[in-house]
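Colleague: Sequence and predicted structure, then a few things I'm wondering about:
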Amino acid sequence: MHPSLSINTLCFPAAPLARHVAIVAGLGARGISPDLQQVDAMGAAAARRLFGDAGLDIATLTHRAFAFSNPADAAVARDRLARTIDIAGEIGARSIIMTTGGRGDLAWPDACLRFAEAVAPGAAQARAAGIELGIEPTSHLYADASIAHRLADCVHIAREAGISVMIDVFACWFDADIDAALVAAGPLTALIQVSDYCYGDRGLPCRAVPGDGAIPLTSMIPAIVAAGFRGFFDLEIIGPRLDAEGAEQGLRRAAMFMGKLLEDAGLPGA
């Protein structure tokens, strides 16, 4: 598997972290992206040993939403994020990926500023720990969990907050300004999440194996590489298509497609 590829544990049916680590290592990936709850269930010290014994880097740790729309929620969110940063440091994670949280009754510009203010202590803590804290674009169907639904939104928010961008291509490939947004996101980007979308799929999650659908990965991935990104391309394929094929088989195909694409874009393989 190409050394720039990692696998997100959200690709797999629910199972203990050790099972997911065994599958990811068996597929030949160099990186893994676990969920915070998985690491919590095992304990950070044990999880670090598990990852180390398997020879896996932690591409990112999934924190999920940061609530900020009112002072009480923001206080809880700051405490929760501070703990996640400590855990990320203990397991050696390169980054933390999250969504901004919903805006409640706030207008979007006010919500952007409120989020930046609320997340500032966490951003400073992450920088001090050498961990990139980043937000990803999400579907508007998750407006309760995010105010960033276009990549350009993510870039704007990340600049305001002094944090990083995680480019989930599934959530932003159709943006009217995607070419310009990819260039703008380049210096801020900590991780790329890769999957595909097949026309006609209506219900989330509906992600497909890269190369099976309509997302122009053959142009987007080279553009991302040309913008200077050299981190992990995280396979995050969720939904009935992968379930029907089988996660291991689908991820092997994804790795073959993406490996060739990355090599053609100028990133040499193993």
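Modeller: Arrived safely, thanks for sending. A quick note: this is a predicted structure, and the numbers were derived from the prediction, not measured. Numbering: from 1, shown residues only.
Colleague: Counting by contacts, list what the helix or strand containing I32 packs against.
Modeller: Assigning secondary structure by DSSP states H and E places I32 in strand 31-33. Where contact means 3 or more CB pairs under 8 Å, 6 or more residues apart in numbering; DSSP states H and E, strand 31-33 is packed against strand 5-8, helix 17-27, strand 57-58. Placement of C-beta: from N, CA and C, glycine included.
Colleague: so which of those is the most packed in?
Modeller: Ranked by mean neighbour count, the helices and strands packed on strand 31-33 are led by strand 5-8 with a mean of 27 (mean count of other CB atoms under 10 Å).
Colleague: what separates that strand from the chain centre, distance-wise?
Modeller: 10 Å (CA atoms, centre = their mean, to the nearest Å).
Colleague: Who does it pair with, and is each partner parallel or antiparallel?
Modeller: According to DSSP bridges, strand 5-8 forms sheet pairs with strand 31-33 (parallel), strand 233-235 (parallel).
Colleague: Quick one, grab the pLDDT at A270.
Modeller: Looking at A270, its pLDDT reads 73.
Colleague: ditto for A185
Modeller: On the pLDDT scale, A185 gets 97.
Colleague: hang on, the earlier thing: save the strands paired with strand 5-8 as a markdown table, and put in distance to G89 and mean neighbour count too.
Modeller: As requested, the strands paired with strand 5-8 are exported to a markdown table (distance: least, CB to CB, whole Å; neighbours: other CB atoms under 10 Å):
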| stretch | distance to G89 | mean neighbour count |
| --- | --- | --- |
| strand 31-33 | 16 | 27 |
| strand 233-235 | 20 | 28 |
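Colleague: Same list (those) but as a markdown table, adding distance to M220 and mean pLDDT.
Modeller: Compiled in a markdown table, the strands paired with strand 5-8 are given as follows (distance: least, CB to CB, whole Å; pLDDT from 0 to 100):
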| stretch | distance to M220 | mean pLDDT |
| --- | --- | --- |
| strand 31-33 | 20 | 98 |
| strand 233-235 | 11 | 98 |
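Colleague: still on that earlier bit, which is the succeeding secondary structure element to the strand holding I32?
Modeller: helix 36-42.
Colleague: List every C-alpha atom in the next helix or strand along the chain from that next one, with coordinates, as PDB.
Modeller: Going down the chain from helix 36-42, the next helix or strand is helix 44-54, by DSSP H and E. Output of helix 44-54 as PDB, limited to C-alpha atoms (Å, rounded to 0.1, in the frame of the first residue of the first chain):
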ATOM      1  CA  ALA A  44      -4.300   5.700  25.800                       C
ATOM      2  CA  ALA A  45      -1.200   3.900  27.100                       C
ATOM      3  CA  ALA A  46      -2.500   0.500  25.900                       C
ATOM      4  CA  ALA A  47      -3.600   2.000  22.600                       C
ATOM      5  CA  ARG A  48      -0.100   3.500  22.100                       C
ATOM      6  CA  ARG A  49       1.500   0.100  22.600                       C
ATOM      7  CA  LEU A  50      -1.000  -1.500  20.200                       C
ATOM      8  CA  PHE A  51      -0.300   1.000  17.500                       C
ATOM      9  CA  GLY A  52       3.500   0.800  18.000                       C
ATOM     10  CA  ASP A  53       3.500  -3.000  17.900                       C
ATOM     11  CA  ALA A  54       1.600  -2.900  14.600                       C
END
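Colleague: so who does the closest residue to A270 other than its chain neighbours touch?
Modeller: Nearest residue to A270, sequence neighbours excluded (CB to CB, 6 or more residues apart in numbering): P3, at 5.5 Å. Taking CB atoms under 8 Å, 6 or more residues apart in numbering as the contact definition, P3 lies against 30, 269-270.
Colleague: Could you do P216 as well?
Modeller: W173.
Colleague: distance of it from F12?
Modeller: For P216, the distance to F12 equals 27 Å [CB to CB, to the nearest Å].
Colleague: is the closest residue to D168 other than its chain neighbours in a bridge, and if so with what?
Modeller: Leaving aside its chain neighbours, D168 sits nearest to Q193 (4.1 Å; criterion: CB to CB, 6+ apart). On the basis of DSSP bridges, Q193 is bridged to D168, D234.
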